[in-house]
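Q: Here is a sequence together with a model predicted from it:
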Amino acid sequence: MQVVHQHGPCSPLADAHGKPPSHAEILAADQNRVEAIQRRVSATASKLKKRAAPVQPGPKKNPAGIHPGHSSSSSAPLLPVSSGRALGTGNYVVTVGLCTPASQYTVVFDTGSDTTWVQCRPCVVKCYKQKEPLFDPAKSSTYANVSCADSACDDLDESGCTGGHCLYAVQYGDGSYTVGFFAQDTLTIAHDSIKGFQFGCGEKNDGLFGKTAGLLGLGRGKTSLTVQAQYRYGGAFAYCLPALSTGTTGYLDFGPGASPANARVTPMLTDNGPTFYFVGLTGIRVGGKQLPIPETVFSKGGTIVDSGTVITRLPKTAYAALSSAFTAGMAARGFKKAPAYSILDTCYDFTGISEATLPTVSLVFKGGACLDVDESGILYAITQAQVCLAFASIGDDESTGILGNTQQKTYGVVYDLGKKTIGFAPGAC
């Protein structure tokens, strides 16, 4: 599948999104997402500690705000990835098919989410504006609501029941949300069809989703596409996020064959609960030199790889060392400092500069894997007079670090649940 940025020049939404969000909105939404991830990681850690004291599940209740609108009467593929500006739960989009006969929908894809969903007719409460027509269950010969008695209903983070039909609700860190029926239908990925794919049919949706039709969940949880289609793809997929300035597209590919031959592999750490993809970040290099950061700084909170976070977040001690070394490298090259912007505090004035040689930045992982950040992923440009190091501090040394999508640009990022590995292949798009 082709991958592009939601607001990029190759986006299928290019004639529909209107004015792109400001950098202040992008970074504010990114910070909200990061804070939400921290809360979810913390809550998961607490649940894991309490596993020894099981609690009997109570009866399913209707999640607040759910209003039923329809019943169940209606009955390695390569996707291009498109680029756009970051809003809320993700900022890279792919186009998939849903229902029988298949209709095409442009959705954000997100490794930090499990449940896939699209906006559905009838929107009994609210639907935000999207480019494509809303998904209509009545027009699909293979659509069905999931029963409350189905074990899949218990796999949802938040679920309810009405008229025997399972209800779902997802709220994101920026206040965006989706609520509706948990359903199943045929999902088409390039030339492959996934029959009985379970997803959310949203009838109450709002938030920072741009003009997309919904979201494709690629996390490690049971409701994700990764797990639902594990019988076919072995829990393996890979993507490449294009550099926005190039106008090129990336890809989202499924199956063991998705891994490029030059991928540098690190273990996937799976003891921290479902959904997120944890890895062991062990060090940082600037200009080829390893920074004097103890590995314990990274191991306290761990690090996750996330397609939806824009700016990489590092432990406070690690970020201070990176910022100091990068600042020294830029000073040696004669670059003039500029004021901080939002969460970005290491900034430069590039006025009148058309080309620049930057200090290299590399992230080192367990097993020796190394991600040499592409030049397009080192800096984040507000204006030519304010270009900032595209990393930020998480605020302490205990919280979870996040490898954001800016630093993943042009790399083939490979996920393999079966092998429990994550890999990074340079120059993939």
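A: The structure has been received and is ready for your questions.

Q: Name the spans of the chain whose pLDDT lies under the cut-off.
A: Within the chain, the segments meeting pLDDT under 70 span 6-20, 48-76, 82-90, 245-247.

Q: the helices in it, which residues?
A: Assigned by DSSP state H, the helices in the chain fall at 23-49, 151-154, 225-228, 230-233, 295-299, 316-332, 405-408.

Q: Distance from the first one to the middle of the chain?
A: Put simply, helix 23-49 sits 12 Å off its chain's centre (C-alpha atoms, centre = their mean, to the nearest Å).

Q: Check the last one too.
A: Distance, stretch centre to chain centre, for helix 405-408: 11 Å (C-alpha atoms, centre = their mean).

Q: cool, and the fourth one?
A: When C-alpha coordinates are averaged (C-alpha atoms, centre = their mean), helix 230-233 and its chain have centres 21 Å apart.

Q: what sits up against it?
A: The contact list for helix 230-233 (C-beta atoms under 8 Å, 6 or more residues apart in numbering) reads Ala76, Asp192, Ile194, Thr226, Phe254, Gly255, Pro256, Leu417, Gly418. All C-beta atoms are positioned from the backbone trio N, CA, C, and that covers glycine.

Q: can you pull the buried residues of stretch 136-156?
A: 136-137, 140, 142-146, 148, 152-153, 155-156 (16 or more other C-beta atoms under 10 Å).

Q: swap that for stretch 332-342, sorry
A: Applying 16+ other C-beta under 10 Å to stretch 332-342 flags Phe335, Ala338, Tyr341, Ser342 as buried.

Q: Test my guess that the first one contacts Thr351.
A: No: Phe335 sits out of contact with Thr351 when judged by C-beta atoms under 8 Å, with a separation of 10.9 Å.

Q: So what does Gly221 have for phi and psi?
A: The phi/psi pair for Gly221 (degrees, to the nearest 10) reads phi -70, psi 170.

Q: Quickly note the distance from it to Trp117.
A: According to C-beta to C-beta, to the nearest Å, Gly221 and Trp117 sit 14 Å apart.

Q: on that earlier part again, turn the helices of the chain into JSON lines, including distance to Pro359.
A: Shown next, in JSON lines, are the helices of the chain (distance: least, C-beta to C-beta, whole Å):
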{"stretch": "helix 23-49", "distance to Pro359": "23"}
{"stretch": "helix 151-154", "distance to Pro359": "49"}
{"stretch": "helix 225-228", "distance to Pro359": "36"}
{"stretch": "helix 230-233", "distance to Pro359": "39"}
{"stretch": "helix 295-299", "distance to Pro359": "21"}
{"stretch": "helix 316-332", "distance to Pro359": "3"}
{"stretch": "helix 405-408", "distance to Pro359": "15"}
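
Q: so which of those helices is the most packed in?
A: Ranked by mean neighbour count, the helices of the chain are led by helix 405-408 with a mean of 25 (mean count of other C-beta atoms under 10 Å).

Q: just checking, what packs against the top strand by length along the chain?
A: Secondary structure of the chain per DSSP state E: the longest strand is strand 192-206. Using 3 or more C-beta pairs under 8 Å, 6 or more residues apart in numbering; DSSP states H and E as the contact test, the elements touching strand 192-206 are strand 117-119, strand 177-189, strand 214-217, helix 225-228.

Q: okay if I get those as a markdown table plus distance to Val93?
A: Listed next are the helices and strands packed on strand 192-206 as a markdown table, based on distance: least, C-beta to C-beta, whole Å:
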| stretch | distance to Val93 |
| --- | --- |
| strand 117-119 | 13 |
| strand 177-189 | 14 |
| strand 214-217 | 9 |
| helix 225-228 | 15 |
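
Q: So which of those is nearest Gly367?
A: helix 225-228 (21.6 Å; C-beta to C-beta).

Q: counting contacts, what elements does that closest one pack onto?
A: In terms of contacts (3+ C-beta pairs under 8 Å, 6+ apart), helix 225-228 is packed against strand 192-206.

Q: How about the strand it packs on, which residues are buried there?
A: Applying 16+ other C-beta under 10 Å to strand 192-206 flags Ile194, Phe197, Gln198, Phe199, Gly200, Cys201, Gly202, Glu203, Lys204, Asn205 as buried.

Q: can you pull the contacts of the fourth one?
A: Pointing back at Phe199 there. Leu98, Thr115, Thr116, Trp117, Val118, Phe182, Ala183, Gln184, Asp185, Leu187 are the contacts of Phe199 under C-beta under 8 Å, 6+ apart.
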